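**Student:** one predicted model, sequence on top.
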Amino acid sequence: MFTLHNGDCLEYLASLPEGSVDAVVTDPPYFLPATHYSTRSRSARSLSDLSMLEHFYRDVFKELARVTKPSGVWYVFCDGQSYPAFYVSAYPHVKALRPLIWDKVVSFNGYTWRHQHEIIMFAELPEAKPIPTGDGDILRNRAVPVNDREHLAEKPVDLLVQLVKKCGQVILDPFAGSGSTGKAALKEGKDFIGCEIDERYYRLAQSGLEGIEPSTPSNNRLHLDVGDSPAQQALFTPEADTTEGKLPAPAPRR
């Protein structure tokens with residue numbers, strides 16, 4: 001089953017019930033520090049330049065903490081510059097934080113030290129139980145070739161499968177992009193809730209998710225189109241297919 005929404009993630013997260021997801025696996029936009037106006041081009045760089053990023057993600061992680069079960073976990077992609085802001089925003093809501101390293105195995109040609117890794121911030125909520133695994137904290141998986149990407153920051157589904165298979169049943173990605181996290185979740189027979197603000201990527205995600213064959217058959221799929229209310233999720237349960245629970249059909253897709 002999957003739920004996909006086109007819109008602002010903070011507005012959408014506010015509409016989700018408390019404790020309704022088991023895990024968050026997401027790749028937020030990292031942004032860049034604020035750029036000074038040309039008249040201030042000689043101003044010294046400062047960590048205060050990150051304040052806009054910190055303000056937004058403080059609100060995001062507050063909502064993620066509300067909608068995630070106390071036993072849940074988060075996997076949040078970031079880099080060396082955004083990790084401190086993410087860490088500070090997530091810290092008040094979790095019992096443990098640590099970085100995992102995604103090693104892309106190869107780097108692109110060029111000057112200075114070339115980019116070959118990304119950080120995945122792993123967070124355990126207050127009642128999370130230890131994950132039974134012998135895996136190390138370095139995950140080696142080649143990046144999606146540039147010419148094959150549907151999204152500029154597209155992550156390989158195989159890498160995401162390694163993460164979601166260690167999570168509970170309901171996976172949330174509030175920055176869904178072209179739907180890679182959702183594809184990994186469905187492949188593992190899990191339920192997926194995604195939100196994407198860009199309509200073009202939302203449509204790509206919709207198309208990709210509809211083409212996934214889950215490892216566990218399911219006849220209980222949910223799809224929310226642009227503008228539909230997430231409250232409709234309650235209407236599409238297995239009981240809704242019974243005579244006693246017959247409910248109106250969803251609105252036609254736009």
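**Tutor:** Now that the structure is in, tell me what you want to look at.
**Student:** assign a three-state SS to residue 163, would you?
**Tutor:** helix (DSSP: H, G, I helix; E, B strand; the rest coil).
**Student:** so what pairs up with the closest residue to it other than its chain neighbours in the strands?
**Tutor:** Nearest non-adjacent residue to residue 163, counting by CB to CB, 6 or more residues apart in numbering: residue 75, 4.8 Å away. For glycine as for every other residue, the C-beta is placed from the backbone atoms N, C-alpha and C. Listed by DSSP bridges, the beta-bridge partners for residue 75 are residue 25, residue 122.
**Student:** just give the number of residues close to residue 75.
**Tutor:** Neighbour count of residue 75, defined by other CB atoms under 10 Å: 23.
**Student:** ok, it touching residue 24?
**Tutor:** Yes. Here residue 75 reaches residue 24: they are 7.1 Å apart, a contact under CB atoms under 8 Å.
**Student:** tell me which stretches of the protein form helices.
**Tutor:** Remark: helices assigned in the chain by DSSP state H are 9-15, 51-67, 83-90, 157-164, 180-187, 199-210.
**Student:** so which of those helices is the most surrounded?
**Tutor:** Neighbour counts (mean count of other CB atoms under 10 Å) averaged over each of the helices of the chain peak at helix 180-187, with a mean of 27.
**Student:** where does the chain dip in pLDDT?
**Tutor:** 31-52, 214-254 (pLDDT under 70).
**Student:** find the residue closest to the most centrally placed residue in it in space, skipping its chain neighbours.
**Tutor:** Centre of the chain computed as the mean C-alpha position; nearest residue by CA atoms, centre = their mean is residue 26, 2.1 Å away. Spatial nearest neighbour of residue 26, excluding adjacent residues (CB to CB, 6+ apart): residue 173 at 4.7 Å.
**Student:** can you report how many residues neighbour the one you found?
**Tutor:** Neighbours around residue 173, by other CB under 10 Å: 30.
**Student:** in contact with it, which residues?
**Tutor:** Applying CB atoms under 8 Å, 6 or more residues apart in numbering to residue 173 gives the contacts 24, 25, 26, 27, 181, 182, 192, 193, 194, 195.
**Student:** residue 105: which of the helices of the chain is closest?
**Tutor:** Across the helices of the chain, residue 105 has its closest neighbour in helix 157-164 (11.3 Å, CB to CB).
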